[in-house]
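S.K.: Predicted model follows, preceded by the sequence.
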Amino acid sequence: MMAVMLFLGYYGENPIGTPPALIDSLSFLGLRAGVLFLIASLLNRCALALIRRRGAESRRRLAAGVDIGLRLLLLAAYADGLESSALPWSLARALGRDLSQNAFAFQLAGILPFLLLFPCAWLPMFGLHREMSFGNWTRASFLIHKIRYNLFLLLAWLPFAAVADWLSGFLLAIPAVFLLAAWTFPLILARAWGCRRLTDPETLSRLARLETTAGTGFSRAYLWEPGGGYAENAAAVGILRPFRYLFLTPSLLRNMSGPELDAVILHELGHVRHRHLLFYFFSSLAGVNASVVIAAVLPLTGPGERFAAVAILLLIYFRLIFGWLSRNMERQADLFAMQKSGSASGIANALEKLALAAGRIRLAGSWHHWSIAERVRFLRQAENQPALARRHGGKVFLLKLSGYLASIALLILLALTALAGIGTPSLADQRETTVNPEAHWRLVMRLLPDHPVPPLQLAYLLGKRADARPEALRLARSASSLAVDGEGRAAADKLARELAMGAP
């Protein structure tokens, strides 16, 4: 998501100009890829040296920190690669086509540098992954694993972008894209992760019985093998019942006893019964809308800065607010499993087994889960004090109600902000700007009246037409007065002199 925003921000700030030749663009990008590979290799060596001297919980925290650091490094290399290589524009020049006539094709081209840099960031981390994981990994299987679990969301965004670009208006695009995502996301996820349909009659019979107990269910169940098939995990995916799937790992099915497996499945059914998946969607939408509105009113000078601000705000939102909401939803799902199974033992024992299987991480928490020790402690306490479960249910109800109201309010505020002309342009305006560069820069001038680049770029465009040169001259002089650096002022003054002398 942040990679998409970086590209869209750069595209909004630099949509025209004379790009370098394609071979030069690839050379610039190749140099960045080489530097990224060397830094990632050094990071892998340092992390291995530190991790081998630490305990299980400390090892996991350090590995998680390295993972986040590498992702940020990859995003920084991508942003720098866009700036230095201008690959989407060079590709369009080499093909002799104006990709801006097709927003989907242009955005696909903009993702190419990220796809080229991705293996350069992750391949050097094979040693760290092998140290922290079970199984017989090869570099090829490791890279395929990373592609499946990291590039999926980036690539899955493209068809939704195509649909949003094709639809004629904002109010039509939002529900259509939502319905398309609700239908296709679980299916695409199952395919991207290499899941297989669950066919074991005993497990399917168990699932049917538990669905009857929970009063809700899934349309399909899949065998899911993250981490090479050694991880023990389960997940519920999909908002709408016809496209809602349950993912179970083979290791989970092998190692859990009957009551423990029942509790794990009931935990996932608890997410469905309490509509957590729907709430996650709306709370994520609220976070995106809030970030866009805040970035729209900040005193920033360019579209790229606004998109970067949105990305940073989203990172803060998901790490702090969404993570806290998720921890409370997970606790409610734990309580649901306890209540439906009649005892806390099943879910508590399953959690303890998960902690052991993952490398004795009982005390380690995460941004979206409380530690297993804390979850088990609360379950044992709630089993003896039923009022705790009722109070937590009331707390989650208020959180969900507040989240839904905030989502609606922020959606209205975002629409009003767009209508006022100070936020992100509507889909119709975005489509117009991809077709007509002049319309694009006039729109950007309305959004950023004090920025020197839009009038200067528009002056270059209008200066090619004899009938528009008076306006171009006025815009060039305006850009000169707005420029804050000598280079920008000199470029505007040079264009103004050429236009005054009648040069095209």
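M.R.: Noted; the coordinates are in hand.
S.K.: Any idea how many residues pack against residue 321?
M.R.: Neighbour count of residue 321, defined by other C-beta atoms under 10 Å: 15. Any C-beta I mention is one placed from the backbone N, CA and C, and that applies to glycine too.
S.K.: That one against residue 287, yeah?
M.R.: Yes. The pair residue 321 and residue 287 qualifies as a contact (C-beta atoms under 8 Å) at a distance of 6.9 Å.
S.K.: Any figure for the gap between the closest residue to residue 93 other than its chain neighbours and residue 25?
M.R.: Spatial nearest neighbour of residue 93, excluding adjacent residues (C-beta to C-beta, 6 or more residues apart in numbering): residue 19 at 5.2 Å. Distance of residue 19 to residue 25, computed by C-beta to C-beta, to the nearest Å: 7 Å.
S.K.: And residue 195, by the same measure?
M.R.: 38 Å.
S.K.: higher neighbour count, the two?
M.R.: Counting neighbours by other C-beta under 10 Å for residue 195 and for residue 25 shows that residue 25 has the greater number, 23 against 20.
S.K.: Tell me, how many residues neighbour the residue lying closest to the more buried one once chain neighbours are set aside?
M.R.: Excluding its sequence neighbours, the residue lying closest to residue 25 (C-beta to C-beta, 6+ apart) is residue 90, at 3.8 Å. Using other C-beta under 10 Å, the number of residues around residue 90 comes to 21.
S.K.: again with the one 4 residues further on
M.R.: Residue 94: 13 surrounding residues under other C-beta under 10 Å.
S.K.: same thing with residue 97?
M.R.: Residue 97: 12 neighbours (other C-beta under 10 Å).
S.K.: and it, which of the three is it?
M.R.: coil (DSSP: H, G, I helix; E, B strand; the rest coil).
S.K.: Using PDB, write down the CA coordinates of stretch 488-495.
M.R.: The C-alpha trace of stretch 488-495 is given here as PDB (Å, rounded to 0.1, in the frame of the first residue of the first chain):
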ATOM      1  CA  GLY A 488      13.400  27.400 -10.400                       C
ATOM      2  CA  ARG A 489      13.300  31.100 -10.800                       C
ATOM      3  CA  ALA A 490      15.900  31.000 -13.600                       C
ATOM      4  CA  ALA A 491      13.900  28.300 -15.500                       C
ATOM      5  CA  ALA A 492      10.700  30.400 -15.300                       C
ATOM      6  CA  ASP A 493      12.500  33.600 -16.300                       C
ATOM      7  CA  LYS A 494      14.100  31.900 -19.300                       C
ATOM      8  CA  LEU A 495      10.800  30.600 -20.500                       C
END
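S.K.: and for that stretch, what are the contacting residues?
M.R.: 452-453, 456, 459-460, 463, 472, 476-477, 479-480, 483 (C-beta atoms under 8 Å, 6 or more residues apart in numbering).
S.K.: hmm, 7 Å instead?
M.R.: Residues outside stretch 488-495 that contact it (C-beta atoms under 7 Å, 6 or more residues apart in numbering): 452, 456, 459-460, 463, 476, 479-480, 483.
S.K.: can I get the residues you listed in CSV with neighbour count?
M.R.: Supplementary listing: these in CSV, determined by neighbours: other C-beta atoms under 10 Å:
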residue, neighbour count
452, 21
456, 23
459, 26
460, 20
463, 21
476, 27
479, 26
480, 21
483, 20
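S.K.: Can you work out which other helices and strands pack against the helix or strand containing residue 469?
M.R.: Per DSSP states H and E: residue 469 is located in helix 469-482. Where contact means 3 or more C-beta pairs under 7 Å, 6 or more residues apart in numbering; DSSP states H and E, helix 469-482 is packed against helix 453-462, helix 486-500.
S.K.: Now do the shortest one and helix 469-482, the angle between them.
M.R.: Going by axes from the mean of the first three to the mean of the last three C-alpha atoms, to 10 degrees, helix 453-462 is angled at 150 degrees with respect to helix 469-482.
S.K.: For the contacts of stretch 488-495, name the two members farthest from one another.
M.R.: Largest separation among those by C-beta to C-beta: 463 and 483, giving 17.4 Å.
S.K.: what touches both of residue 19 and residue 25?
M.R.: What both residue 19 and residue 25 touch, as defined by C-beta under 7 Å, 6+ apart, is the set 86, 90.
S.K.: those strands in this protein, which residues are they?
M.R.: Assigned by DSSP state E, the chain shows strands spanning 196-197, 220-223, 234-237, 245-248.
S.K.: most tightly surrounded among the ones you listed?
M.R.: strand 245-248 (a mean of 24; mean count of other C-beta atoms under 10 Å).
S.K.: strands paired with that one, and their directions?
M.R.: Strand 245-248 pairs in its sheet with strand 220-223 (parallel), strand 234-237 (antiparallel), by DSSP bridges.
S.K.: Save those strands as CSV, and put in mean pLDDT and distance to residue 131 too.
M.R.: What follows is the strands paired with strand 245-248, written out as CSV (pLDDT from 0 to 100; distance: least, C-beta to C-beta, whole Å):
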stretch, mean pLDDT, distance to residue 131
strand 220-223, 93, 27
strand 234-237, 92, 25
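S.K.: Out of the ones you listed, which is closest to residue 381?
M.R.: Per C-beta to C-beta, nearest to residue 381 of the strands paired with strand 245-248: strand 234-237, 24.1 Å.
S.K.: How about residues contacting the closest one?
M.R.: Contact partners of strand 234-237, identified using C-beta under 7 Å, 6+ apart, comprise 186, 189, 245-248, 252, 264, 268, 271-272, 277.
S.K.: now swap in stretch 277-294 and tell me
M.R.: 236, 238-239, 271, 310, 313-314, 317-318, 321-322, 325, 400, 403-404, 406-407, 410-411, 413-414, 417, 423-424.
S.K.: Just the buried residues of those.
M.R.: Listed as buried from these are 236, 238-239, 271, 310, 313-314, 317-318, 322, 325, 400, 403, 406-407, 410-411, 413-414, 417, 423-424; burial here means 16 or more other C-beta atoms under 10 Å.
S.K.: Hmm, residue 23 and the residue nearest to residue 25 touching each other?
M.R.: No. Using C-beta atoms under 7 Å as the test, residue 90 is too far from residue 23 to be in contact (8.7 Å).
S.K.: ok so, going back, okay, the helices and strands packed on helix 469-482 in CSV with mean pLDDT and distance to residue 369 next?
M.R.: Formatted as CSV, the helices and strands packed on helix 469-482 follow (pLDDT from 0 to 100; distance: least, C-beta to C-beta, whole Å):
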stretch, mean pLDDT, distance to residue 369
helix 453-462, 85, 45
helix 486-500, 81, 50
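S.K.: Quick check: which of the ones you listed is nearest to residue 142?
M.R.: helix 453-462 (43.1 Å).
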